[in-house]
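Sequence and predicted structure are below.
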Amino acid sequence: GENVEQHPSTLSVQEGDSAVIKCTYSDSASNYFPWYKQELGKGPQLIIDIRSNVGEKKDQRIAVTLNKTAKHFSLHITETQPEDSAVYFCAARQTGANNLFFGTGTRLTVIP
Amino acid sequence: GAVVSQHPSRVICKSGTSVKIECRSLDFQATTMFWYRQFPKKSLMLMATSNEGSKATYEQGVEKDKFLINHASLTLSTLTVTSAHPEDSSFYICSARVSYGTDTQYFGPGTRLTVL
């Protein structure tokens, strides 16, 4: 089955700096890669996703890059703000499959 | 955007009682719904997958007689924790997939279950 690894487990940045979270996956058949943000006591919120026919996708301050050959994808948050503080999860799935395999999460703290 | 709701958000019950958690997709039809369990500071653990009108598929190690899942319609799934015990205390999160042929999966806000 798929194995998704996520690094770092914790990340602290100064407000205004950029944050990068990296994930690797093992199953070359995976072709859908979403990122979720989870605030304390709440459910995960989809913030961006990318499919394998695309190498990069951007939405305002958030971007995701995908390297299919190396089987890794990354989340980039620019101009970080205190409200970006949360736990971020990457995930991977094959199109049409049910299982969404999650990384172990990254606790991001943005220091004002 | 797609919204998934869960009810209740918090529940406290006595050991031995049963608790039902509802999950609804508010503005879309969900052919597939998922139930996850999350321990403190851990990732999400998939418990079961259900398609509307079909029996749920449980992950290995999840007791289907203890965690009853009913996916009665394209907008409603329920998880019933039967004869709850303190070790069942956890954060339960449902999720819904928009439709066949798409990948997007949205999560509910979660239900904090505490069994005394």
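Noted; the coordinates are in hand. Predicted model only: the values in this text are computed from it and were never measured.

and the gap between A:Tyr32 and B:Asn51?
Relative to B:Asn51, A:Tyr32 is positioned 19 Å away (CB to CB, to the nearest Å). Just so you know, the C-beta spots here come from the backbone N, C-alpha and C atoms, and that holds for glycine as well.

Equivalent analysis for B:Tyr106, please.
Distance, B:Tyr106 to B:Asn51, using CB to CB: 16 Å.

the strands in chain B, which residues?
B:4-7, B:10-13, B:19-25, B:32-38, B:44-51, B:57-58, B:67-73, B:76-81, B:90-97, B:105-107, B:111-115 (DSSP state E).

Now those strands in CSV, please, with extra columns for distance to chain A and mean neighbour count.
As requested, the strands of chain B are exported to CSV (distance: least, CB to the nearest CB, whole Å; neighbours: other CB atoms under 10 Å in any protein chain shown):
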stretch, distance to chain A, mean neighbour count
strand B:4-7, 7, 18
strand B:10-13, 9, 14
strand B:19-25, 10, 21
strand B:32-38, 6, 23
strand B:44-51, 5, 21
strand B:57-58, 8, 16
strand B:67-73, 13, 17
strand B:76-81, 14, 21
strand B:90-97, 5, 24
strand B:105-107, 4, 23
strand B:111-115, 7, 18
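
export the ones you listed to a markdown table and tack on mean pLDDT?
Shown next, in a markdown table, are the strands of chain B (pLDDT from 0 to 100):
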| stretch | mean pLDDT |
| --- | --- |
| strand B:4-7 | 96 |
| strand B:10-13 | 97 |
| strand B:19-25 | 96 |
| strand B:32-38 | 94 |
| strand B:44-51 | 92 |
| strand B:57-58 | 94 |
| strand B:67-73 | 91 |
| strand B:76-81 | 96 |
| strand B:90-97 | 95 |
| strand B:105-107 | 92 |
| strand B:111-115 | 97 |
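
Reformat those as TSV; add distance to A:Val64.
Shown next, in TSV, are the strands of chain B (distance: least, CB to CB, whole Å):
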stretch	distance to A:Val64
strand B:4-7	22
strand B:10-13	33
strand B:19-25	25
strand B:32-38	22
strand B:44-51	19
strand B:57-58	29
strand B:67-73	31
strand B:76-81	29
strand B:90-97	20
strand B:105-107	16
strand B:111-115	29
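
To A:Ile21, which of these lies closest?
strand B:44-51 (16.4 Å; CB to CB).

which residues touch that closest one?
The contact list for strand B:44-51, computed with CB atoms under 8 Å, 6 or more residues apart in numbering or on different chains, reads A:44, A:89, A:98-100, A:102, B:31-39, B:56-59, B:62, B:64, B:67, B:69-71, B:77, B:79, B:93.

7 Å instead, please
Defining contact as CB atoms under 7 Å, 6 or more residues apart in numbering or on different chains, one finds that strand B:44-51 is touched by A:98-99, A:102, B:31-38, B:56-59, B:62, B:67, B:69, B:71, B:77, B:93.

go on, stretch A:26-45?
Applying CB under 7 Å, 6+ apart, the external contacts of stretch A:26-45 come out as A:2-3, A:46-52, A:64, A:66, A:71, A:73, A:75, A:86-95, B:93, B:103, B:107-110.

so for that stretch, what's the average pLDDT?
Over the span of stretch A:26-45, the pLDDT mean works out to 94.

mind listing what's buried in that stretch?
Buried positions in stretch A:26-45, judged by neighbour count with 16 or more other CB atoms under 10 Å in any protein chain shown: A:27, A:30-38, A:42-44.

Buried subset of the contacts of stretch A:26-45, written for PyMOL?
Selection of buried members from these for PyMOL, criterion 16+ other CB under 10 Å:
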select buried, (chain A and resi 2+46+47+48+49+50+52+64+66+71+73+75+86+87+88+89+90+91+92+93+94) or (chain B and resi 93+103+107+108+109+110)
